[in-house]
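In: Okay, sequence plus prediction incoming.
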Amino acid sequence: MENVKVLIVDDEPNIRDLLSTSLRFAGFSVHAVANGADAVHAAEKGEPDIILLDVMLPDMNGFSVTKKLRSMGINAPVLFLTARDETEDKITGLTVGGDDYMTKPFSLDEIVARINAILRRTKAAEVEESVLEVGEIKINQDAHDVFVNGTLVDLSPTEYKLLRFLMSNPNRVLTKAQILDHVWEYDFNGEMGIVESYVSYLRKKLDPLTTEPLIQTKRGVGYMYKSAKNGK
């Protein structure tokens, strides 16, 4: 991936060196740092295309780093790296604005595959039509702004991707497997609970602003975005 800038953030020198060497060999431009403060500084100055971010850092955890970056308007996708393999951590990481999550030890081939998948997803979003409007919700895809009956709603990057996928398939039941494949681009080791959690997050933000719940559960199948045009 020529000219793609990767920022590696990990306090373990052997992992930093291994990732740096391997990703440079794969054609990426790489910069590596060892703590959260340096990560924020490097992201602000270097404008990376993607960030590989260890969750456990000496000064602040990766989730706090991501929150800081997002608050600064830095929207480079984040791939979390961690020794912990718990669904709660994965949900936390994605909720604060992360895009993917890998558990150590990992294969270098899988790291490269995940990076490429995230970058494909990001670039695909950039070339979409600027406005997607279905029923009571309008998405400005250039600015990633979501309006519900004219009210701006703040969504995390993953909530935004999920809503956009549902809205792109109105009145069509989507299985949890389909949602995992299109929103996260891999099956999360079969952990369908991540979809349920994110649907719940979306409903809490959208339902108070709509005339009726727009994301409907089809028990035993999946979820459907209802395009309500009856003026209720």
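Out: Received, thanks.
In: Quick check: buried residues in the helix or strand harbouring residue 200?
Out: Assigned by DSSP states H and E, residue 200 belongs to helix 193-206. The neighbour-count check on helix 193-206 (16 or more other CB atoms under 10 Å) flags 194-195, 197-199, 201-202, 205-206 as buried. Where C-beta positions appear, they are placed from N, C-alpha and C, glycine not excepted.
In: For those residues, give me a markdown table that also has distance to residue 153 and pLDDT.
Out: Shown next, in a markdown table, are the buried residues of helix 193-206 (distance: CB to CB, whole Å; pLDDT from 0 to 100):
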| residue | distance to residue 153 | pLDDT |
| --- | --- | --- |
| 194 | 21 | 84 |
| 195 | 20 | 87 |
| 197 | 18 | 88 |
| 198 | 15 | 90 |
| 199 | 15 | 93 |
| 201 | 11 | 91 |
| 202 | 9 | 93 |
| 205 | 5 | 94 |
| 206 | 7 | 95 |
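In: State the helix or strand in which residue 117 lies.
Out: Counting by DSSP H and E, residue 117 is part of helix 108-126.
In: for residue 38, what are its contacts?
Out: Residue 38 makes contact with residue 9, according to CB atoms under 8 Å, 6 or more residues apart in numbering.
In: Parallel or antiparallel, list what pairs with the helix or strand hosting residue 53.
Out: In this assignment (DSSP H and E), residue 53 forms part of strand 50-54. Strand pairing for strand 50-54, determined by DSSP bridges: strand 5-9 (parallel), strand 78-82 (parallel).
In: okay, the angle between the last one and helix 108-126?
Out: Note on geometry: by axes from the mean of the first three to the mean of the last three CA atoms, to 10 degrees, strand 78-82 and helix 108-126 are set 150 degrees apart in direction.
In: Identify the residues contacting strand 78-82?
Out: Contacts of strand 78-82 (CB under 8 Å, 6+ apart): 10, 15, 50-56, 62, 66, 69, 89, 93, 97-104, 106, 111, 114-115, 118.
In: ok so, going back, can you list the buried residues in the helix or strand following the helix holding residue 200?
Out: Per DSSP H and E, helix 193-206 leads on to strand 215-218 as the next helix or strand towards the C-terminus. Going by neighbour count (16+ other CB under 10 Å), the buried part of strand 215-218 is residue 215.
In: Which elements pack onto the helix or strand following strand 215-218?
Out: Using DSSP H and E, the helix or strand that follows strand 215-218 towards the C-terminus is strand 222-225. Counting contacts by 3 or more CB pairs under 8 Å, 6 or more residues apart in numbering; DSSP states H and E, strand 222-225 is packed against helix 157-167, strand 174-175, helix 176-179, strand 215-218.
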